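Q: Kindly generate the corresponding structure for this input.
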Amino acid sequence: METIWKLCHPLEDIDDVMALAEHYWSTEKLTVITKDREFFRQCITVATTNQLFDRNKEFIAVCRNEQGQLLGYCWYDRGGYTTYSKQEISNAKFHHVDLLLSARQRIKVLDEMLDQHILWAQHCGVPIICSTSIRKENSVFMRLHERRGFEVNGSYAWIRTEDGIKQMKEHNGN
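A: Reported below is the predicted structural model:
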């Protein structure tokens, strides 16, 4: 399966991203937070529009196959900090993959999403990457991070960007 990555465009990609997000959310039983479709559309449209002018605040990319079908999208931001460190953190907001893909294809796309996060954080000079999951079943997702050198604590995965770059080169055979 050939994958094609590009920055998410506010006029070209939002409808497909919305459909994939809705499919994801329909499989999750979130009882604490009420999902608001139009608010999500507003947030992703504004973020992708801002990304056209400044690629250093948030990163939203889409992955498509040769036929143009959306396979997944990822959304990362920066400017996160813990209360005990001055080191900036890039946080993953979303890793959504088409759940109709085979397990092998989903893992491939997720692996590429981790590459996207590591490379963007390096480009922006953000020293720490954090990836989380709110899904009830997240063990495979967290194992993927562990395999990539992330330190996993519950549903949180952390890595120093420089270590992610080293591991990415080893993982991709460079």
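Q: partner strands of the strand of greatest length in the chain, parallel or antiparallel?
A: The longest strand of the chain (DSSP state E) is strand 70-80. In the sheet, strand 70-80 lines up against strand 58-64 (antiparallel), strand 89-97 (antiparallel) (DSSP bridges).
Q: What residue in this protein is the furthest from its centre?
A: Distance to the chain centre peaks in the chain at Tyr84, reaching 25.0 Å (criterion: C-alpha atoms, centre = their mean).
Q: Quickly find the element holding that one.
A: Using DSSP states H and E, Tyr84 is not contained in any helix or strand.
Q: what's the nearest residue to the residue nearest to the spatial centre of the chain if we skip its chain neighbours?
A: Centroid check for the chain by C-alpha atoms, centre = their mean gives Cys74 as the closest residue, at 3.2 Å. Closest residue to Cys74 apart from its sequence neighbours, by C-beta to C-beta, 6 or more residues apart in numbering: Met113 at 4.3 Å. C-beta coordinates here come from the backbone N, C-alpha and C atoms, glycine included.
Q: Please give me every residue in contact with the one you found.
A: Each residue near Met113 by C-beta atoms under 8 Å, 6 or more residues apart in numbering is listed here: 61, 63, 72, 74, 95, 97.
Q: again, but for Leu144
A: Residues near Leu144 by C-beta under 8 Å, 6+ apart: 107, 110-111, 114.
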